[in-house]
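Visitor: Give me coordinates for this.
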Amino acid sequence: MNQKKGLHTADSLFSFLLLLVFSLFTLLLSGTGAAVYRNSASHLDENYTSRTAIAYISEKVRQHNSSGDILFSEIDGTEALVFHDTIEGESFLTYVYYNDGALRELFLRESSQPDTSMGSRIAELSDFSFRKEEVPGTSPLISVTARAGDGDSLSVLLHYCE
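Guide: The predicted model follows:
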């Protein structure tokens, strides 16, 4: 009778240890899955933000693709793309520039003085740049590059009319 009780304790101990090992592996697998998900979600968010900034600039260039409607300027020493609009006979300018870690937009009457602190945030970026590209035999291009967080940079070349 004593021998059966010892065997029963060994079976219970084995079952308990098996349950403990299963639980530990489950926790380890869940932790690994959560880390992979967090990393993927962060990368997707950075990629989405960069693509949004590129799409925003691309659409602005398409909307203002008339001669003289796109200018290159500066606000307080910060490079800006400037888009000209005429609304009900009045001239307005939209300044798009990168300042304080964000792509910003500032919409003003042409007669108003722009200030970088007045712009609205469009997208949080770690880097943003644009420059005019001259390619012989074609219309001028604007090269736009955006990066969000530690993600990859995204770039686009846009045709426009001078």
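
Visitor: May I see the buried residues of stretch 64-83?
Guide: Across stretch 64-83, burial judged by 16 or more other Cβ atoms under 10 Å covers 64, 69-70, 75, 78, 80-83. From N, CA and C alone the C-beta is placed, and that goes for glycine too.

Visitor: And stretch 104-116, by the same measure?
Guide: Going by 16+ other Cβ under 10 Å, stretch 104-116 has these buried residues: 104-107, 114, 116.

Visitor: Closest one to residue 8 out of these, please.
Guide: residue 104 (73.5 Å; Cβ to Cβ).

Visitor: what's the helix or strand hosting the closest one packed up against?
Guide: Take DSSP states H and E as the rule and residue 104 turns out to sit in strand 102-109. Packing contacts for strand 102-109, counted by 3 or more Cβ pairs under 8 Å, 6 or more residues apart in numbering; DSSP states H and E, involve strand 90-99, strand 120-124.

Visitor: how about TSV for these, with distance to residue 147 added?
Guide: TSV is the format used below for the helices and strands packed on strand 102-109 (distance: least, Cβ to Cβ, whole Å):
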stretch	distance to residue 147
strand 90-99	11
strand 120-124	11
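
Visitor: if we can go back for a sec, including pLDDT and distance to residue 141, could the buried residues of stretch 104-116 go into TSV?
Guide: Formatted as TSV, these follow (pLDDT from 0 to 100; distance: Cβ to Cβ, whole Å):
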residue	pLDDT	distance to residue 141
104	95	23
105	96	22
106	96	24
107	96	25
114	94	25
116	91	26
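
Visitor: Now the two most distant members of the residues you listed.
Guide: 107 and 116 (14.0 Å).

Visitor: Assign the most centrally placed residue in the chain to helix, strand or coil.
Guide: With distances taken as Cα atoms, centre = their mean, the chain has residue 49 as the residue nearest its mean C-alpha position (2.1 Å). Put simply, residue 49 is helix when judged by DSSP: H, G, I helix; E, B strand; the rest coil.

Visitor: For the residue lying closest to it once chain neighbours are set aside, give its distance to residue 120.
Guide: Spatial nearest neighbour of residue 49, chain neighbours left out: residue 148 (3.8 Å); criterion: Cβ to Cβ, 6 or more residues apart in numbering. As judged by Cβ to Cβ, to the nearest Å, residue 148 and residue 120 stand 18 Å apart.

Visitor: Compare those two (neighbour count), which wins?
Guide: A direct count of neighbours by other Cβ atoms under 10 Å for residue 148 and residue 120 places residue 148 higher, at 26 against 10.

Visitor: ok, what's across the strand from the closest residue to residue 69 other than its chain neighbours?
Guide: Nearest residue to residue 69, sequence neighbours excluded (Cβ to Cβ, 6+ apart): residue 84, at 4.7 Å. Applying DSSP bridges to residue 84 gives these bridge partners: residue 93.
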